[in-house]
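Chemist: This is a predicted model, with the sequence first.
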Amino acid sequence: MLFFLLLLLMVYLANTAFFGGQDIYRYMKEIGLGMVFLFSLLISVPFTAKLMIEEIASKTIYPLLAKPIERVHILCGKFLGGILVSWSSFSIFYILFALISILKEGIVAPFLLLQVYVSGLIMLLALNSLVICLSVFCTFSTTVSLSYIVYFLMSWFGNQLRTSFENIPFFGQIIYYLLPHFEFFDLRHRLIHFWDPLPAWVMLWIIGYGIFYSVILLYCALYKFKKRWL
């Protein structure tokens, strides 16, 4: 449903460029790319949030634990399942966006397209880790709500929050750097305005940050899950 909705939206936005000028179309492309990320979030967060919670609520986790399967295997399996669905949906949406953009604009920027795509995958990796971690501590509705709040808060106001936290001596900077900075993964404006691609070392730093933060969140989730009485 979301795929066909995005298809209709992109076709409409592509045909709206007759108002004149490439700059007008860039605003339309920004909306389409924003929908790609939004639709991916609408799929990945609720799907990943229910994996652990429904397994425990329906008591189907007991047959799994009765077999020679450790809790770390269950947690990693749920996480990989969420990542598979998240990355698959994002890839389908992004390929559709890229094809329509290239056909309409006639400009191919392979490095920019690749960097935005990779950063989106790493963003979903970190986000799914956060969702899995919260699902071990919270209910389904709380997990989904907190995940969306943290993501949009950091994506929209991450840079502005630094000034606010700096007013808190010592602990303010610690809290700021402990927060998941999803704004690091947002490279959409570089593609929309055809800026130069990021250097390789910057992309490696972004990928490394996402993987490191995901490992920390999964470790916290595993620690809580091992201590949880079922």
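Modeler: Perfect, thanks for sending it.

Chemist: C-alpha only now, for contacts and for neighbours.
Modeler: Fine.

Chemist: And the strands in this structure, which stretches?
Modeler: Under the criterion DSSP state E, the chain carries no strands.

Chemist: got any ranges where it has weak pLDDT?
Modeler: 12-25, 106-107, 166, 172, 229-230 (pLDDT under 70).

Chemist: What segments of it are helices?
Modeler: Counting by DSSP state H, the segments of the chain that form helices are 2-14, 22-57, 61-66, 71-105, 110-137, 140-166, 171-178, 188-192, 200-227.

Chemist: and those, which is most packed in?
Modeler: By mean neighbour count, with neighbours taken as mean count of other CA atoms under 10 Å, helix 110-137 ranks first of the helices of the chain at a mean of 22.

Chemist: Run the angle between that helix and helix 140-166 for me.
Modeler: For the pair helix 110-137 and helix 140-166, the angle between their directions (axes from the mean of the first three to the mean of the last three CA atoms, to 10 degrees) equals 110 degrees.

Chemist: Spit out the contact partners of the residue positioned nearest the centre of the chain.
Modeler: Among the residues of the chain, the one closest to the centroid is Leu124, at 2.9 Å (CA atoms, centre = their mean). By CA atoms under 8 Å, 6 or more residues apart in numbering, the residues touching Leu124 are 44, 83, 86-87.

Chemist: Need these in TSV (columns: distance to Cys138).
Modeler: Supplementary listing: the contacts of Leu124 in TSV, determined by distance: CA to CA, whole Å:
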residue	distance to Cys138
Ser44	17
Ile83	20
Ser86	21
Trp87	24
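
Chemist: Out of the residues you listed, which is nearest to Ser141?
Modeler: Each of those was scored against Ser141 by CA to CA, and Ser44 proved nearest at 14.3 Å.

Chemist: Spit out the contact partners of that closest one.
Modeler: Residues near Ser44 by CA under 8 Å, 6+ apart: 82-83, 85-86, 124, 128.

Chemist: ok, the residues you listed vs Trp156, which is closest?
Modeler: Of all those, the one sitting nearest Trp156 is Leu124; the distance, using CA to CA, is 16.4 Å.

Chemist: How much space separates the closest one from Gln173?
Modeler: 25 Å (CA to CA, to the nearest Å).

Chemist: swap in Glu70?
Modeler: As for Glu70, its distance to Gln173 is 37 Å (criterion: CA to CA).

Chemist: now Phe140
Modeler: 31 Å.

Chemist: what does Phe90 give?
Modeler: Spatial separation of Phe90 from Gln173 under the definition CA to CA is 33 Å.
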